[in-house]
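> Sequence unavailable; structure follows:
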(Lines give C-alpha, C1' and ligand atoms only; values in the text may rest on other atoms or scores of the structure.)
Protein backbone atom coordinates (compact mmCIF):
# COMPACT_ATOMS: atom_id res chain seq x y z
CA UNK A 1 0.00 0.00 0.00
CA UNK A 2 3.01 2.31 0.11
CA UNK A 3 5.84 3.23 -2.17
CA UNK A 4 9.41 2.57 -1.07
CA UNK A 5 12.28 4.95 -1.44
CA UNK A 6 15.17 3.16 0.22
CA UNK A 7 16.64 2.23 -3.16
CA UNK A 8 15.87 5.50 -4.96
CA UNK A 9 17.05 8.96 -4.00
CA UNK A 10 14.06 11.12 -2.95
CA UNK A 11 13.44 14.24 -5.02
CA UNK A 12 12.41 17.74 -4.05
CA UNK A 13 10.17 20.07 -6.04
CA UNK A 14 12.74 22.61 -7.17
CA UNK A 15 12.87 25.28 -9.89
CA UNK A 16 14.32 22.92 -12.51
CA UNK A 17 11.66 20.25 -11.95
CA UNK A 18 8.85 22.82 -12.11
CA UNK A 19 10.25 24.57 -15.20
CA UNK A 20 10.72 21.27 -17.05
CA UNK A 21 7.21 20.10 -16.18
CA UNK A 22 5.63 23.40 -17.25
CA UNK A 23 7.48 23.40 -20.58
CA UNK A 24 6.66 19.75 -21.30
CA UNK A 25 2.98 20.31 -20.58
CA UNK A 26 2.79 23.73 -22.23
CA UNK A 27 2.12 24.73 -25.85
CA UNK A 28 3.96 22.85 -28.62
CA UNK A 29 5.60 23.74 -31.94
CA UNK A 30 6.06 27.46 -32.66
CA UNK A 31 3.85 28.56 -29.76
CA UNK A 32 5.94 26.39 -27.43
CA UNK A 33 9.19 27.84 -28.78
CA UNK A 34 7.93 31.38 -28.22
CA UNK A 35 6.67 30.53 -24.73
CA UNK A 36 10.02 28.95 -23.83
CA UNK A 37 11.90 31.96 -25.16
CA UNK A 38 9.74 34.56 -23.42
CA UNK A 39 9.24 32.53 -20.27
CA UNK A 40 6.03 31.17 -18.78
CA UNK A 41 4.49 32.98 -15.85
CA UNK A 42 3.71 30.27 -13.28
CA UNK A 43 0.75 32.31 -12.02
CA UNK A 44 -0.94 31.73 -15.41
CA UNK A 45 -0.56 27.93 -15.37
CA UNK A 46 -3.85 26.12 -14.71
CA UNK A 47 -2.72 22.48 -14.86
CA UNK A 48 0.44 20.82 -13.55
CA UNK A 49 1.54 17.18 -13.57
CA UNK A 50 4.30 16.08 -11.19
CA UNK A 51 3.66 12.34 -11.08
CA UNK A 52 6.34 9.61 -10.95
CA UNK A 53 9.00 12.09 -9.76
CA UNK A 54 9.91 10.31 -6.50
CA UNK A 55 8.88 13.49 -4.62
CA UNK A 56 9.16 13.21 -0.85
CA UNK A 57 7.84 16.66 0.13
CA UNK A 58 5.41 19.12 -1.47
CA UNK A 59 7.10 22.51 -1.74
CA UNK A 60 7.75 25.58 -3.95
CA UNK A 61 4.29 25.64 -5.55
CA UNK A 62 3.27 29.01 -4.12
CA UNK A 63 3.56 30.77 -7.53
CA UNK A 64 0.84 28.63 -9.14
CA UNK A 65 -2.07 30.70 -7.87
CA UNK A 66 -4.27 29.98 -10.91
CA UNK A 67 -3.79 26.22 -10.78
CA UNK A 68 -7.03 24.23 -11.01
CA UNK A 69 -5.59 20.75 -11.59
CA UNK A 70 -2.59 19.19 -9.83
CA UNK A 71 -1.25 15.65 -10.18
CA UNK A 72 1.16 14.45 -7.51
CA UNK A 73 0.39 10.74 -7.75
CA UNK A 74 2.95 7.94 -7.71
CA UNK A 75 5.49 9.67 -5.51
CA UNK A 76 6.68 9.03 -1.94
CA UNK A 77 4.95 11.99 -0.27
CA UNK A 78 4.38 11.46 3.45
CA UNK A 79 2.51 14.64 4.39
CA UNK A 80 -0.01 16.93 2.70
CA UNK A 81 1.52 20.41 2.92
CA UNK A 82 2.57 23.40 0.85
CA UNK A 83 -0.80 23.77 -0.90
CA UNK A 84 -2.26 26.79 0.93
CA UNK A 85 -1.67 29.21 -1.97
CA UNK A 86 -3.46 27.01 -4.52
CA UNK A 87 -6.88 28.39 -3.59
CA UNK A 88 -8.31 27.87 -7.10
CA UNK A 89 -7.55 24.15 -7.14
CA UNK A 90 -10.50 22.01 -8.23
CA UNK A 91 -8.86 18.64 -8.95
CA UNK A 92 -6.10 17.05 -6.84
CA UNK A 93 -4.48 13.63 -7.22
CA UNK A 94 -2.34 12.39 -4.33
CA UNK A 95 -2.81 8.69 -4.98
CA UNK A 96 -0.03 6.13 -4.58
CA UNK A 97 1.97 7.96 -1.92
CA UNK A 98 2.84 7.34 1.76
CA UNK A 99 0.36 9.76 3.38
CA UNK A 100 -0.96 8.61 6.77
CA UNK A 101 -3.12 11.61 7.79
CA UNK A 102 -5.44 14.02 6.01
CA UNK A 103 -4.17 17.52 6.77
CA UNK A 104 -3.24 20.69 4.91
CA UNK A 105 -6.36 21.02 2.74
CA UNK A 106 -8.11 23.71 4.81
CA UNK A 107 -7.49 26.56 2.33
CA UNK A 108 -8.57 24.59 -0.77
CA UNK A 109 -12.22 25.55 -0.49
CA UNK A 110 -12.86 25.15 -4.25
CA UNK A 111 -11.72 21.54 -4.35
CA UNK A 112 -14.31 19.29 -6.00
CA UNK A 113 -12.37 16.14 -6.87
CA UNK A 114 -9.65 14.60 -4.70
CA UNK A 115 -8.06 11.17 -4.81
CA UNK A 116 -6.00 9.78 -1.94
CA UNK A 117 -6.12 6.24 -3.27
CA UNK A 118 -3.42 3.82 -2.10
CA UNK A 119 -1.91 5.60 0.91
CA UNK A 120 -1.73 4.76 4.64
CA UNK A 121 -4.67 6.82 5.90
CA UNK A 122 -6.52 5.44 8.94
CA UNK A 123 -9.24 8.08 9.37
CA UNK A 124 -11.35 10.34 7.16
CA UNK A 125 -11.08 13.77 8.79
CA UNK A 126 -10.09 17.44 8.36
CA UNK A 127 -12.09 17.98 5.17
CA UNK A 128 -14.64 20.33 6.72
CA UNK A 129 -13.81 23.33 4.48
CA UNK A 130 -14.24 21.35 1.27
CA UNK A 131 -17.93 22.24 0.90
CA UNK A 132 -17.86 21.62 -2.88
CA UNK A 133 -16.46 18.08 -2.67
CA UNK A 134 -18.04 16.03 -5.47
CA UNK A 135 -15.68 13.09 -6.05
CA UNK A 136 -13.65 11.45 -3.28
CA UNK A 137 -11.41 8.44 -3.76
CA UNK A 138 -9.77 6.99 -0.66
CA UNK A 139 -9.66 3.31 -1.56
CA UNK A 140 -6.75 1.03 -0.69
CA UNK A 141 -5.94 2.76 2.58
CA UNK A 142 -6.16 1.55 6.19
CA UNK A 143 -9.66 2.67 7.16
CA UNK A 144 -10.91 0.23 9.78
CA UNK A 145 -13.80 1.97 11.56
CA UNK A 146 -16.86 1.93 9.33
CA UNK A 147 -18.63 4.45 11.59
CA UNK A 148 -16.01 6.99 10.43
CA UNK A 149 -17.92 7.21 7.13
CA UNK A 150 -20.72 9.10 8.90
CA UNK A 151 -18.33 12.08 8.81
CA UNK A 152 -18.98 12.31 5.05
CA UNK A 153 -22.70 13.04 5.52
CA UNK A 154 -21.92 16.76 5.77
CA UNK A 155 -20.74 16.91 2.15
CA UNK A 156 -24.05 17.47 0.39
CA UNK A 157 -22.50 17.65 -3.11
CA UNK A 158 -20.60 14.35 -2.79
CA UNK A 159 -21.75 12.01 -5.57
CA UNK A 160 -18.86 9.62 -6.24
CA UNK A 161 -17.06 7.72 -3.48
CA UNK A 162 -14.38 5.05 -3.77
CA UNK A 163 -13.56 3.07 -0.62
CA UNK A 164 -12.62 -0.33 -2.10
CA UNK A 165 -9.57 -1.99 -0.58
CA UNK A 166 -9.95 -0.69 2.98
CA UNK A 167 -10.17 -3.14 5.91
CA UNK A 168 -13.81 -2.33 6.70
CA UNK A 169 -14.83 -3.29 3.15
CA UNK A 170 -14.60 -6.95 4.20
CA UNK A 171 -17.44 -6.44 6.67
CA UNK A 172 -20.76 -7.89 5.55
CA UNK A 173 -22.71 -4.67 6.18
CA UNK A 174 -20.17 -2.41 4.43
CA UNK A 175 -22.12 -1.69 1.26
CA UNK A 176 -25.57 -1.28 2.79
CA UNK A 177 -24.22 0.75 5.71
CA UNK A 178 -22.41 3.13 3.38
CA UNK A 179 -25.40 3.60 1.08
CA UNK A 180 -27.79 4.08 4.01
CA UNK A 181 -25.70 6.62 5.86
CA UNK A 182 -24.53 8.48 2.74
CA UNK A 183 -27.76 8.87 0.73
CA UNK A 184 -26.28 11.69 -1.38
CA UNK A 185 -23.80 9.47 -3.25
CA UNK A 186 -24.72 7.96 -6.64
CA UNK A 187 -21.57 5.93 -7.30
CA UNK A 188 -19.85 3.66 -4.77
CA UNK A 189 -16.62 1.92 -5.73
CA UNK A 190 -17.21 2.84 -9.39
CA UNK A 191 -20.68 1.28 -9.48
CA UNK A 192 -23.98 3.12 -9.90
CA UNK A 193 -26.33 2.76 -6.92
CA UNK A 194 -29.90 2.08 -8.05
CA UNK A 195 -32.92 3.44 -6.20
CA UNK A 196 -34.05 0.00 -4.99
CA UNK A 197 -30.71 -0.55 -3.27
CA UNK A 198 -30.91 2.89 -1.67
CA UNK A 199 -34.42 2.14 -0.38
CA UNK A 200 -33.39 -1.24 1.00
CA UNK A 201 -30.35 0.20 2.73
CA UNK A 202 -32.39 2.97 4.34
CA UNK A 203 -35.01 0.50 5.52
CA UNK A 204 -32.34 -1.66 7.13
CA UNK A 205 -30.87 1.21 9.14
CA UNK A 206 -34.01 3.34 9.40
CA UNK A 207 -34.25 3.58 13.18
CA UNK A 208 -30.59 4.47 13.68
CA UNK A 209 -30.69 6.99 10.86
CA UNK A 210 -33.82 8.66 12.25
CA UNK A 211 -31.98 9.21 15.53
CA UNK A 212 -29.01 10.54 13.57
CA UNK A 213 -31.27 12.87 11.59
CA UNK A 214 -32.69 14.26 14.82
CA UNK A 215 -29.19 14.87 16.16
CA UNK A 216 -28.15 16.53 12.88
CA UNK A 217 -31.24 18.74 12.93
CA UNK A 218 -30.44 19.75 16.48
CA UNK A 219 -26.85 20.52 15.50
CA UNK A 220 -28.03 22.55 12.50
CA UNK A 221 -30.42 24.56 14.64
CA UNK A 222 -27.65 25.13 17.17
CA UNK A 223 -25.27 26.24 14.41
CA UNK A 224 -27.89 28.50 12.84
CA UNK A 225 -28.68 30.03 16.21
CA UNK A 226 -24.99 30.64 16.79
CA UNK A 227 -24.62 32.21 13.36
CA UNK A 228 -27.67 34.37 14.00
CA UNK A 229 -26.17 35.56 17.30
CA UNK A 230 -22.87 36.29 15.56
CA UNK A 231 -24.61 38.39 12.91
CA UNK A 232 -26.61 40.21 15.55
CA UNK A 233 -23.45 40.95 17.49
CA UNK A 234 -21.78 42.32 14.35
CA UNK A 235 -24.79 44.56 13.78
CA UNK A 236 -24.65 45.77 17.38
CA UNK A 237 -20.92 46.45 17.06
CA UNK A 238 -21.54 48.51 13.94
CA UNK A 239 -23.95 50.57 16.04
CA UNK A 240 -21.38 50.78 18.90
CA UNK A 241 -23.85 49.38 21.42
CA UNK A 242 -22.91 45.71 21.71
CA UNK A 243 -24.04 44.03 24.97
CA UNK A 244 -25.94 47.13 26.10
CA UNK A 245 -29.28 45.34 25.64
CA UNK A 246 -28.65 43.48 28.91
CA UNK A 247 -27.08 43.93 32.34
CA UNK A 248 -23.61 43.35 30.85
CA UNK A 249 -22.18 46.79 31.75
CA UNK A 250 -23.59 46.52 35.26
CA UNK A 251 -21.93 43.13 35.70
CA UNK A 252 -18.66 44.50 34.30
CA UNK A 253 -18.64 47.15 37.01
CA UNK A 254 -18.65 44.47 39.71
CA UNK A 255 -16.33 41.92 38.06
CA UNK A 256 -13.18 43.72 39.20
CA UNK A 257 -14.82 45.28 42.27
CA UNK A 258 -13.86 42.93 45.07
CA UNK A 259 -14.86 45.49 47.72
CA UNK A 260 -18.28 45.99 46.17
CA UNK A 261 -18.85 42.24 46.14
CA UNK A 262 -18.17 42.14 49.88
CA UNK A 263 -20.29 45.23 50.63
CA UNK A 264 -23.27 43.62 48.89
CA UNK A 265 -23.67 41.39 51.97
CA UNK A 266 -24.38 44.34 54.30
CA UNK A 267 -27.94 44.48 55.65
CA UNK A 268 -30.55 45.91 53.21
CA UNK A 269 -27.98 46.30 50.40
CA UNK A 270 -29.36 43.41 48.32
CA UNK A 271 -32.72 45.16 47.87
CA UNK A 272 -31.05 48.49 47.15
CA UNK A 273 -28.72 46.81 44.65
CA UNK A 274 -31.66 45.19 42.84
CA UNK A 275 -33.32 48.60 42.40
CA UNK A 276 -30.03 50.11 41.23
CA UNK A 277 -29.51 47.29 38.70
CA UNK A 278 -33.03 47.66 37.33
CA UNK A 279 -32.71 51.42 36.76
CA UNK A 280 -29.21 51.04 35.29
CA UNK A 281 -30.29 48.35 32.83
CA UNK A 282 -33.30 50.39 31.68
CA UNK A 283 -30.97 53.21 30.65
CA UNK A 284 -28.50 50.76 29.10
CA UNK A 285 -31.29 49.38 26.90
CA UNK A 286 -32.28 52.93 25.94
CA UNK A 287 -28.74 53.51 24.70
CA UNK A 288 -28.89 50.21 22.83
CA UNK A 289 -32.17 50.95 21.06
CA UNK A 290 -31.14 54.51 20.26
CA UNK A 291 -27.82 53.24 18.88
CA UNK A 292 -29.53 50.83 16.48
CA UNK A 293 -31.93 53.56 15.37
CA UNK A 294 -29.10 56.03 14.66
CA UNK A 295 -27.00 53.37 12.95
CA UNK A 296 -29.84 52.83 10.47
CA UNK A 297 -29.92 56.57 9.77
CA UNK A 298 -26.15 56.75 9.28
CA UNK A 299 -26.13 53.81 6.92
CA UNK A 300 -28.94 55.38 4.90
CA UNK A 301 -26.96 58.64 4.71
CA UNK A 302 -23.85 56.79 3.52
CA UNK A 303 -25.81 54.81 0.94
CA UNK A 304 -27.48 57.98 -0.37
CA UNK A 305 -24.12 59.70 -0.73
CA UNK A 306 -22.58 56.88 -2.75
CA UNK A 307 -25.70 56.66 -4.92
CA UNK A 308 -25.36 60.37 -5.68
CA UNK A 309 -21.66 59.93 -6.49
CA UNK A 310 -22.45 57.04 -8.80
CA UNK A 311 -25.22 58.96 -10.54
CA UNK A 312 -23.07 62.09 -11.01
CA UNK A 313 -20.17 60.03 -12.32
CA UNK A 314 -22.46 58.15 -14.68
CA UNK A 315 -23.99 61.36 -16.08
CA UNK A 316 -20.57 62.95 -16.49
CA UNK A 317 -19.28 59.87 -18.26
CA UNK A 318 -22.25 60.00 -20.63
CA UNK A 319 -21.45 63.59 -21.62
CA UNK A 320 -17.87 62.56 -22.29
CA UNK A 321 -18.96 59.59 -24.39
CA UNK A 322 -21.20 61.83 -26.49
CA UNK A 323 -18.30 64.20 -27.13
CA UNK A 324 -15.98 61.34 -28.04
CA UNK A 325 -18.57 59.77 -30.34
CA UNK A 326 -19.07 63.08 -32.17
CA UNK A 327 -15.32 63.35 -32.64
CA UNK A 328 -15.06 59.73 -33.86
CA UNK A 329 -17.68 60.42 -36.51
CA UNK A 330 -15.75 63.54 -37.60
CA UNK A 331 -12.47 61.59 -37.64
CA UNK A 332 -13.94 58.75 -39.65
CA UNK A 333 -15.19 61.12 -42.34
CA UNK A 334 -11.92 63.09 -42.40
CA UNK A 335 -9.73 59.98 -42.66
CA UNK A 336 -11.79 58.88 -45.65
CA UNK A 337 -11.20 62.25 -47.34
CA UNK A 338 -7.52 62.84 -46.59
CA UNK A 339 -6.05 60.19 -48.92
CA UNK A 340 -7.82 61.89 -51.85
CA UNK A 341 -6.55 65.42 -51.16
CA UNK A 342 -3.72 66.21 -53.58
CA UNK A 343 -3.08 69.82 -52.61
CA UNK A 344 -0.44 69.93 -49.88
CA UNK A 345 -1.66 73.20 -48.36
CA UNK A 346 -5.23 71.96 -48.12
CA UNK A 347 -3.98 68.74 -46.59
CA UNK A 348 -1.92 70.64 -44.03
CA UNK A 349 -4.91 72.84 -43.19
CA UNK A 350 -7.22 69.83 -42.70
CA UNK A 351 -4.68 68.10 -40.49
CA UNK A 352 -4.29 71.31 -38.50
CA UNK A 353 -8.05 71.42 -38.05
CA UNK A 354 -7.93 67.82 -36.85
CA UNK A 355 -5.31 68.59 -34.23
CA UNK A 356 -7.30 71.63 -33.17
CA UNK A 357 -10.39 69.46 -32.69
CA UNK A 358 -8.32 66.97 -30.69
CA UNK A 359 -7.24 69.82 -28.42
CA UNK A 360 -10.86 70.99 -28.20
CA UNK A 361 -11.91 67.47 -27.27
CA UNK A 362 -9.24 67.40 -24.54
CA UNK A 363 -10.50 70.75 -23.24
CA UNK A 364 -14.09 69.53 -23.25
CA UNK A 365 -13.32 66.22 -21.50
CA UNK A 366 -11.11 67.93 -18.93
CA UNK A 367 -13.85 70.51 -18.44
CA UNK A 368 -16.35 67.75 -17.72
CA UNK A 369 -13.86 66.20 -15.29
CA UNK A 370 -13.33 69.51 -13.48
CA UNK A 371 -17.10 69.95 -13.24
CA UNK A 372 -17.40 66.48 -11.74
CA UNK A 373 -14.55 67.15 -9.30
CA UNK A 374 -16.31 70.34 -8.12
CA UNK A 375 -19.64 68.55 -7.96
CA UNK A 376 -18.24 65.64 -5.95
CA UNK A 377 -16.31 67.99 -3.69
CA UNK A 378 -19.51 69.87 -2.84
CA UNK A 379 -21.36 66.60 -2.30
CA UNK A 380 -18.56 65.29 -0.09
CA UNK A 381 -18.48 68.46 2.01
CA UNK A 382 -22.25 68.28 2.51
CA UNK A 383 -21.95 64.61 3.37
CA UNK A 384 -19.18 65.33 5.88
CA UNK A 385 -21.27 68.01 7.57
CA UNK A 386 -24.36 65.81 7.70
CA UNK A 387 -22.41 62.85 9.03
CA UNK A 388 -20.60 64.97 11.61
CA UNK A 389 -23.95 66.39 12.77
CA UNK A 390 -25.42 62.89 13.05
CA UNK A 391 -22.44 61.64 15.05
CA UNK A 392 -22.56 64.70 17.32
CA UNK A 393 -26.29 64.27 17.99
CA UNK A 394 -25.75 60.56 18.68
CA UNK A 395 -22.88 61.17 21.10
CA UNK A 396 -24.66 63.99 22.92
CA UNK A 397 -27.73 61.84 23.44
CA UNK A 398 -25.66 58.87 24.60
CA UNK A 399 -23.68 61.13 26.94
CA UNK A 400 -26.96 62.33 28.43
CA UNK A 401 -28.08 58.76 29.08
CA UNK A 402 -24.69 57.78 30.51
CA UNK A 403 -24.93 60.82 32.80
CA UNK A 404 -28.07 59.21 34.22
CA UNK A 405 -26.03 56.06 34.89
CA UNK A 406 -23.48 58.15 36.78
CA UNK A 407 -26.28 59.74 38.79
CA UNK A 408 -27.61 56.30 39.68
CA UNK A 409 -24.11 55.25 40.70
CA UNK A 410 -23.58 58.38 42.81
CA UNK A 411 -26.97 57.92 44.50
CA UNK A 412 -26.19 54.24 45.16
CA UNK A 413 -22.76 55.18 46.52
CA UNK A 414 -24.22 57.71 48.96
CA UNK A 415 -26.81 55.25 50.23
CA UNK A 416 -24.20 52.50 50.48
CA UNK A 417 -21.97 54.80 52.52
CA UNK A 418 -24.84 55.56 54.91
CA UNK A 419 -25.54 51.87 55.39
CA UNK A 420 -21.82 51.20 55.89
CA UNK A 421 -21.54 53.85 58.65
CA UNK A 422 -24.69 52.57 60.35
CA UNK A 423 -23.43 49.00 60.15
CA UNK A 424 -20.05 50.03 61.56
CA UNK A 425 -21.75 51.58 64.56
CA UNK A 426 -23.69 48.38 65.19
CA UNK A 427 -20.59 46.25 64.80
CA UNK A 428 -18.66 48.41 67.26
CA UNK A 429 -21.54 48.20 69.78
CA UNK A 430 -21.97 44.49 69.01
CA UNK A 431 -25.61 45.20 68.12
CA UNK A 432 -25.57 43.72 64.59
CA UNK A 433 -28.44 41.26 64.47
CA UNK A 434 -27.44 39.41 61.27
CA UNK A 435 -24.42 37.30 60.45
CA UNK A 436 -22.03 38.74 57.86
CA UNK A 437 -19.13 37.04 56.05
CA UNK A 438 -15.72 37.26 57.70
CA UNK A 439 -14.11 39.14 54.77
CA UNK A 440 -16.84 41.81 55.11
CA UNK A 441 -16.44 41.99 58.90
CA UNK A 442 -12.72 42.78 58.40
CA UNK A 443 -13.73 46.02 56.65
CA UNK A 444 -15.35 47.27 59.84
CA UNK A 445 -12.15 47.54 61.87
CA UNK A 446 -12.45 51.32 61.75
CA UNK A 447 -14.24 54.13 59.94
CA UNK A 448 -11.43 54.89 57.48
CA UNK A 449 -11.27 51.28 56.29
CA UNK A 450 -14.98 50.98 55.52
CA UNK A 451 -15.12 54.42 53.89
CA UNK A 452 -12.12 53.54 51.72
CA UNK A 453 -13.79 50.28 50.68
CA UNK A 454 -17.00 52.09 49.66
CA UNK A 455 -15.03 54.79 47.81
CA UNK A 456 -12.89 52.22 45.98
CA UNK A 457 -16.02 50.43 44.82
CA UNK A 458 -17.49 53.72 43.62
CA UNK A 459 -14.30 54.67 41.77
CA UNK A 460 -14.24 51.34 39.91
CA UNK A 461 -17.87 51.76 38.85
CA UNK A 462 -17.25 55.30 37.61
CA UNK A 463 -14.18 54.12 35.72
CA UNK A 464 -16.14 51.37 33.94
CA UNK A 465 -18.88 53.81 32.97
CA UNK A 466 -16.26 56.27 31.68
CA UNK A 467 -14.56 53.52 29.68
CA UNK A 468 -17.85 52.51 28.08
CA UNK A 469 -18.53 56.12 27.07
CA UNK A 470 -14.98 56.62 25.75
CA UNK A 471 -15.17 53.39 23.77
CA UNK A 472 -18.34 54.50 21.97
CA UNK A 473 -16.89 57.96 21.36
CA UNK A 474 -13.56 56.75 20.01
CA UNK A 475 -14.92 54.02 17.77
CA UNK A 476 -17.59 56.10 16.04
CA UNK A 477 -15.16 58.96 15.46
CA UNK A 478 -12.56 56.54 14.10
CA UNK A 479 -15.19 55.12 11.76
CA UNK A 480 -16.19 58.57 10.53
CA UNK A 481 -12.57 59.68 10.03
CA UNK A 482 -11.66 56.49 8.20
CA UNK A 483 -14.71 56.74 5.93
CA UNK A 484 -14.03 60.37 5.00
CA UNK A 485 -10.35 59.65 4.35
CA UNK A 486 -11.23 56.73 2.10
CA UNK A 487 -13.66 58.91 0.14
CA UNK A 488 -11.04 61.63 -0.36
CA UNK A 489 -7.93 59.55 -0.83
CA UNK A 490 -9.11 56.25 -2.19
CA UNK A 491 -12.34 57.00 -4.01
CA UNK A 492 -12.02 60.55 -5.36
CA UNK A 493 -8.25 61.00 -5.80
CA UNK A 494 -7.85 57.62 -7.47
CA UNK A 495 -10.90 58.12 -9.67
CA UNK A 496 -9.69 61.55 -10.78
CA UNK A 497 -6.18 60.28 -11.46
CA UNK A 498 -7.48 57.37 -13.53
CA UNK A 499 -9.88 59.60 -15.49
CA UNK A 500 -7.20 62.19 -16.33
CA UNK A 501 -4.91 59.37 -17.44
CA UNK A 502 -7.69 57.96 -19.66
CA UNK A 503 -8.26 61.35 -21.29
CA UNK A 504 -4.55 61.93 -21.92
CA UNK A 505 -4.08 58.44 -23.33
CA UNK A 506 -7.07 58.93 -25.64
CA UNK A 507 -5.78 62.27 -26.92
CA UNK A 508 -2.27 60.89 -27.43
CA UNK A 509 -3.74 58.01 -29.39
CA UNK A 510 -5.83 60.32 -31.58
CA UNK A 511 -2.78 62.45 -32.36
CA UNK A 512 -0.70 59.37 -33.12
CA UNK A 513 -3.38 58.13 -35.52
CA UNK A 514 -3.08 61.10 -37.88
CA UNK A 515 0.71 61.21 -37.54
CA UNK A 516 0.95 57.59 -38.68
CA UNK A 517 -1.76 57.84 -41.33
CA UNK A 518 -0.42 56.67 -44.72
CA UNK A 519 -1.55 59.32 -47.23
CA UNK A 520 0.61 58.17 -50.21
CA UNK A 521 1.22 61.67 -51.55
CA UNK A 522 2.99 62.00 -54.89
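That came through fine. In this text the structure is predicted, and so the values were computed from the model without any measurement.
> going forward, measure contacts and count neighbours with C-alpha atoms only.
Will do.
> Isn't residue 76 up against residue 94?
No - counting by C-alpha atoms under 8 Å, residue 76 does not reach residue 94; the two are 9.9 Å apart.
> any common contacting residues for those two?
With contacts taken as C-alpha atoms under 8 Å, 6 or more residues apart in numbering, not a single residue reaches both residue 76 and residue 94.
> Next one, pLDDT for residue 168 please.
Residue 168 is assigned a pLDDT of 96 by the prediction.
> Could you verify that it is part of a strand?
No - according to DSSP: H, G, I helix; E, B strand; the rest coil, the state of residue 168 is helix, so it is not within a strand.
> what are the phi and psi values for the residue lying closest to it once chain neighbours are set aside?
Excluding its sequence neighbours, the residue lying closest to residue 168 (C-alpha to C-alpha, 6 or more residues apart in numbering) is residue 144, at 4.9 Å. Main-chain torsions, residue 144, degrees, to the nearest 10: phi -110, psi -20.
> Contacts only, for residue 144.
Per C-alpha under 8 Å, 6+ apart, neighbours of residue 144: 122, 166-168.
> and the nearest residue to residue 398 once chain neighbours are set aside, what is it in contact with?
Spatial nearest neighbour of residue 398, chain neighbours left out: residue 287 (6.2 Å); criterion: C-alpha to C-alpha, 6+ apart. Taking C-alpha under 8 Å, 6+ apart, we find residue 287 in contact with 241, 244, 398, 401.
> and the third one, what pLDDT?
As summarised for this prediction, residue 398 has a pLDDT of 97.
> what's the neighbour count on residue 211?
Here the number of neighbours of residue 211 (other C-alpha atoms under 10 Å) works out to 11.
> Please, where are all the strands along this structure?
Along the chain, counting by DSSP state E, strands occupy 11-12, 47-49, 55-57, 69-71, 91-93, 113-115, 135-137, 160-162, 187-188, 191-192.
> what does the first one contact?
Counting contacts by C-alpha under 8 Å, 6+ apart, the residues outside strand 11-12 that touch it are 53-59.
> Now list the buried members of those residues.
Those of the contacts of strand 11-12 that meet the buried threshold are 53-58, by 16 or more other C-alpha atoms under 10 Å.
> Helices along the stretch 301-450 of the chain, start to end?
344-428, 438-441, 447-485 (DSSP state H, counting those that start in this stretch).
> Nearest to residue 307, out of these?
Taking C-alpha to C-alpha, helix 344-428 is the member of the helices of the stretch 301-450 of the chain nearest to residue 307, at 11.2 Å.
> okay, the angle between that closest one and helix 447-485?
With axes from the mean of the first three to the mean of the last three C-alpha atoms, to 10 degrees as the basis, helix 344-428 and helix 447-485 are set at 170 degrees to each other.
> any idea how far the closest residue to residue 355 other than its chain neighbours is from residue 447?
Counting by C-alpha to C-alpha, 6+ apart, the nearest residue to residue 355 once its immediate chain neighbours are dropped is residue 511, at 6.9 Å. As judged by C-alpha to C-alpha, to the nearest Å, residue 511 and residue 447 stand 93 Å apart.
> re the thing from before, closest one to residue 260 out of the contacts of residue 287, please.
Nearest to residue 260 among the contacts of residue 287: residue 244, at 21.5 Å, using C-alpha to C-alpha.
> ok, the closest one - contacts?
Per C-alpha under 8 Å, 6+ apart, neighbours of residue 244: 284-285, 287-288.
> Pick out the most distant pair among the residues you listed.
For those, the farthest-apart pair by C-alpha to C-alpha is 284 and 288; their separation is 6.3 Å.
> ok, residue 294 - contacts?
Applying C-alpha under 8 Å, 6+ apart, we find residue 294 in contact with 239, 390, 394.
> my bad, residue 136
For residue 136, the contacting residues are 113-116, 158, 160-162, by C-alpha under 8 Å, 6+ apart.
> Might you list the low-confidence residue ranges for this protein?
By pLDDT under 70, the weakly predicted segments of the chain are 1-8, 27-39, 518-522.
> I'd like to know how far residue 152 sits from residue 135.
For residue 152, the distance to residue 135 - C-alpha to C-alpha - is 12 Å.
> With residue 412 instead?
67 Å.
> Now do the buried residues in stretch 471-488.
For stretch 471-488, a neighbour-count test (16+ other C-alpha under 10 Å) marks 472-473, 476, 484, 488 as buried.
> before we move on, the earlier item: and of the contacts of residue 244, the nearest to residue 385?
Residue 385 lies nearest to residue 287 out of the contacts of residue 244, by C-alpha to C-alpha, at 23.7 Å.
> what separates the closest one from residue 245, distance-wise?
8 Å.
> again, but for residue 56
Relative to residue 245, and taking C-alpha to C-alpha, residue 56 is found at 57 Å.
> And for residue 279?
13 Å.
> quick one: which of the two has more around it?
Neighbours were counted for residue 279 and for residue 245 using other C-alpha under 10 Å; residue 245 has more, 18 against 14.
> residues contacting that one?
Contacts of residue 245 (C-alpha under 8 Å, 6+ apart): 281, 284-285, 288-289.
> what do you get if the cut-off is 10 Å, keeping everything else the same?
Residues counted as contacts of residue 245 (C-alpha atoms under 10 Å, 6 or more residues apart in numbering) are 236, 281-289.
> Also residue 358?
When contacts are counted by C-alpha under 10 Å, 6+ apart, residue 358 touches 324, 327, 331, 352, 364, 506-508, 510-511.
> on that earlier part again, ok, and the most crowded of the contacts of residue 244?
That'd be residue 284 among those, by other C-alpha under 10 Å, with 26 neighbours.
> my guess is that one contacts residue 401, does it?
Yes - applying C-alpha atoms under 10 Å, one finds residue 284 in contact with residue 401, separated by 8.0 Å.
> re earlier: farthest pair within the contacts of residue 136?
116 and 158 (15.3 Å).
> just the helices in the stretch 1-150 of the chain please.
Counting by DSSP H, counting those that start in this stretch, residue ranges of the helices within the stretch 1-150 of the chain are 15-25, 29-38.
> coming back round to it: Throw the helices of the stretch 301-450 of the chain into TSV and include distance to residue 303, thanks.
Converted to TSV, those look like this (distance: least, C-alpha to C-alpha, whole Å):
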stretch	distance to residue 303
helix 344-428	11
helix 438-441	56
helix 447-485	12
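> List just the one of those that sits closest to residue 515.
helix 344-428 (9.2 Å).
> quick one: contacts for residue 221?
Contact analysis of residue 221 by C-alpha under 10 Å, 6+ apart lists 215, 227.
> Let me know whether residue 507 touches residue 366 as I believe.
No - between residue 507 and residue 366 there is no contact under C-alpha under 10 Å: 11.1 Å.
> Pretty sure residue 201 sits against residue 181.
Yes - Residue 201 is in contact with residue 181 according to C-alpha under 10 Å; the separation is 8.5 Å.
> The two: which is more packed in?
The neighbour comparison of residue 201 against residue 181 (other C-alpha under 10 Å) goes to residue 181, with 23 against 20.
> Contacts only, for that one.
Here residue 181 is in contact with 147, 149-153, 198, 201-202, 205-206, 208-209, 212 (criterion: C-alpha under 10 Å, 6+ apart).
> So which of the strands of the chain is nearest residue 336?
So among the strands of the chain, strand 47-49 is nearest, using C-alpha to C-alpha, at 48.5 Å.
> returning to what we had before: make JSON lines out of the strands of the chain and add distance to residue 22.
Below are these laid out as JSON lines (distance: least, C-alpha to C-alpha, whole Å):
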{"stretch": "strand 11-12", "distance to residue 22": "16"}
{"stretch": "strand 47-49", "distance to residue 22": "7"}
{"stretch": "strand 55-57", "distance to residue 22": "16"}
{"stretch": "strand 69-71", "distance to residue 22": "12"}
{"stretch": "strand 91-93", "distance to residue 22": "17"}
{"stretch": "strand 113-115", "distance to residue 22": "22"}
{"stretch": "strand 135-137", "distance to residue 22": "26"}
{"stretch": "strand 160-162", "distance to residue 22": "30"}
{"stretch": "strand 187-188", "distance to residue 22": "34"}
{"stretch": "strand 191-192", "distance to residue 22": "35"}
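> Thanks a lot, see you next time.
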